[in-house]
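Undergrad: Need coordinates for the below:
(2 chains)
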Amino acid sequence: AQSVTQLDSHVSVSEGTPVLLRCNYSSSYSPSLFWYVQHPNKGLQLLLKYTSAATLVKGINGFEAEFKKSETSFHLTKPSAHMSDAAEYFCVVRGPFSGGYNKLIFGAGTRLAVHP
Amino acid sequence: DTAVSQTPKYLVTQMGNDKSIKCEQNLGHDTMYWYKQDSKKFLKIMFSYNNKELIINETVPNRFSPKSPDKAHLNLHINSLELGDSAVYFCASSQARGASYNEQFFGPGTRLTVL
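TA: Have a look, this model is predicted:
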């Protein structure tokens, strides 16, 4: 079965310092993995996706993630945090293909706080 | 331009009432979804429709009844509301292409509070 575990429920960084949000996945086949961001009182927005092409995936707003099969990880990073990065981040794995369609399986989320 | 819109944004109601949440997308997608986000921010899919046909139906009480009058709309009706129904409900849409993943676009959410 597919699942994702976000290792930190809260991460706090200072503006201008690197961001690391950790995600481990479990999948019985080659996974498709995503990171979504949810700003306060807003809907979810896709940051980036991995679908078995390049293992280092670049997304919007300077974020990137690296797929590491040996570690079953898909950590999200950004070299320098900005105040506007404060949000909830969700690691997501595509569920099994059934009935002609996939569903998304969300991690529990990591709240990123950015301090001046 | 709003891609996926939901109404209302906030809904406060009493236990036992019946309420509906509406969702519309103007992206031309053929697949729409309803997700529930609980107080701990955990997101779980409830339903999915493709071309007005129900394709994903998770274990959801039958008090919840989705209705898709056309490809651009997916409404959620909830009967006999309970305290545990309090959550944020997100609508999403995508263009299905078989096994290939296509990005799901999410609406802004509807915060339902049951008193």
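Undergrad: The spatially most central residue of chain B sits in which helix or strand?
TA: Nearest residue to the geometric centre of chain B (Cα atoms, centre = their mean): residue B:34, 2.7 Å. Taking DSSP states H and E as the definition, residue B:34 sits inside strand B:31-37.
Undergrad: now the strands for chain A?
TA: Assigned by DSSP state E, chain A shows strands spanning A:3-6, A:10-14, A:19-21, A:23-26, A:33-38, A:44-50, A:56-58, A:64-68, A:73-78, A:87-94, A:104-106, A:110-115.
Undergrad: Can the longest one be said to contact chain B?
TA: Put plainly, it is strand A:87-94. Yes - contact between strand A:87-94 and chain B, assessed by Cβ under 8 Å from any Cβ of the partner chain, occurs at A:88, A:90, A:94. (Glycine included, C-beta is placed from N, CA and C.)
Undergrad: Chain B against chain A: which residues are in contact?
TA: When proximity is defined as Cβ under 8 Å from any Cβ, chain B approaches chain A at B:4, B:31, B:40-45, B:48, B:50, B:55-56, B:90, B:92, B:96, B:98-99, B:101, B:103-104, B:106-109.
Undergrad: Inside strands: which ones of those?
TA: B:4, B:31, B:43, B:44, B:45, B:48, B:50, B:55, B:56, B:90, B:92, B:106.
Undergrad: Give me the buried entries from the residues you listed.
TA: Taking 16 or more other Cβ atoms under 10 Å in any protein chain shown as the criterion, what is buried in these is B:4, B:31, B:43, B:44, B:45, B:48, B:50, B:55, B:56, B:90, B:92, B:106.
Undergrad: quick one: the third one and residue B:33, what's the gap?
TA: Look at residue B:43 and residue B:33: by Cβ to Cβ, to the nearest Å, they are 11 Å apart.
Undergrad: do the last one as well
TA: Between residue B:106 and residue B:33 the computed distance is 9 Å (Cβ to Cβ).
Undergrad: before we move on, the earlier item: given the strand holding residue B:34, what are its sheet partners and their directions?
TA: Strand B:31-37 sits in its sheet next to strand B:43-50 (antiparallel), strand B:87-94 (antiparallel), going by DSSP bridges.
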